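> need a structure here:
(one chain, ligands or ions: 1)
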Amino acid sequence: MSEFQTVANVNDIPEGQGRCFPVNGTMVGVFLHQGEYFAINDFCPHMGASLSESPIAEDGSVMCSWHAWCFSIKDGTWLDNSKSGIKTPTYDVRLQGNEIQVAVPLPDPPAAKGSASTDEESSGEPS
Ligand code: FES
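Predicted coordinates for the structure are as follows:
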């Protein structure tokens with residue numbers, strides 16, 4: 001489950017632009033397009049450029065500044081080849097007064113190494 005966190009004030013993101021904010025260890029690009037806020041993972045799935053540095057096109061897409069891949073800020077789809085299944089994650093956005101809030105899940109904890117326990121560890125008996 002993700003909780004909404006305030007990342008910015010409404011005056012911090014001009015219409016037609018994006019800004020990047022760290023949330024729960026993820027860099028999130030938050031965009032204002034035609035009066036509506038959108039949030040996507042800011043790292044381009046190709047090679048990691050920041051997508052929030054690019055202006056928003058009329059159709060709600062951003063073109064990565066490194067190699068010109070285009071992504072929808074609405075659903076994260078890679079628009080150059082929408083059948084590829086390549087997407088950048090999207091996140092819920094809401095306004096609370098003048099605050100822009102996004103909900104980003106915490107990353108999964110690392111898998112435990114050597115998941116088998118010894119009898120000593122699993123017995124529950126004090127040693
Ligand atoms: S890093 Fe974005 S298109 Fe290459």
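> quick one: contacts for residue 50?
Shown here is residue 50, whose contacts under the criterion CB atoms under 8 Å, 6 or more residues apart in numbering are 20, 27, 29, 42, 43, 44, 65. For the C-beta atoms, the positions are set from N, CA and C on the backbone; glycine is no exception.
> may I see the ChimeraX selection of the buried members of the residues you listed?
A single ChimeraX command suffices to select whichever of the contacts of residue 50 are buried according to 16 or more other CB atoms under 10 Å:
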select :27,29,42,43,44
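> the contacts of residue 50: which two are farthest apart?
Of all pairs drawn from those, the one with the longest distance (CB to CB) is 27 and 65, at 14.9 Å.
> quickly list what the residue most central in space within the chain is bridged to.
A centroid search over the chain (CA atoms, centre = their mean) returns residue 41, at 2.7 Å, as the residue closest to the centre. For residue 41, the residues forming beta bridges with it (DSSP bridges) are residue 28.
> isn't it right next to residue 24, touching?
No: counting by CB atoms under 8 Å, residue 41 does not reach residue 24; the two are 11.6 Å apart.
> any idea how many residues pack against residue 72?
Around residue 72 sit 20 other residues, with neighbours defined as other CB atoms under 10 Å.
> ugh, wrong one, residue 80
Residue crowding around residue 80 was assessed by other CB under 10 Å; the count is 13.
> wait, a strand at it?
No: remark: residue 80 does not belong to a strand; assigned using DSSP: H, G, I helix; E, B strand; the rest coil, it is helix.
> what does the protein put close to the ligand?
If contact is defined as CB under 6 Å from any ligand atom, the residues of the chain in contact with the ligand are 44, 46, 47, 48, 49, 64, 66, 67, 69.
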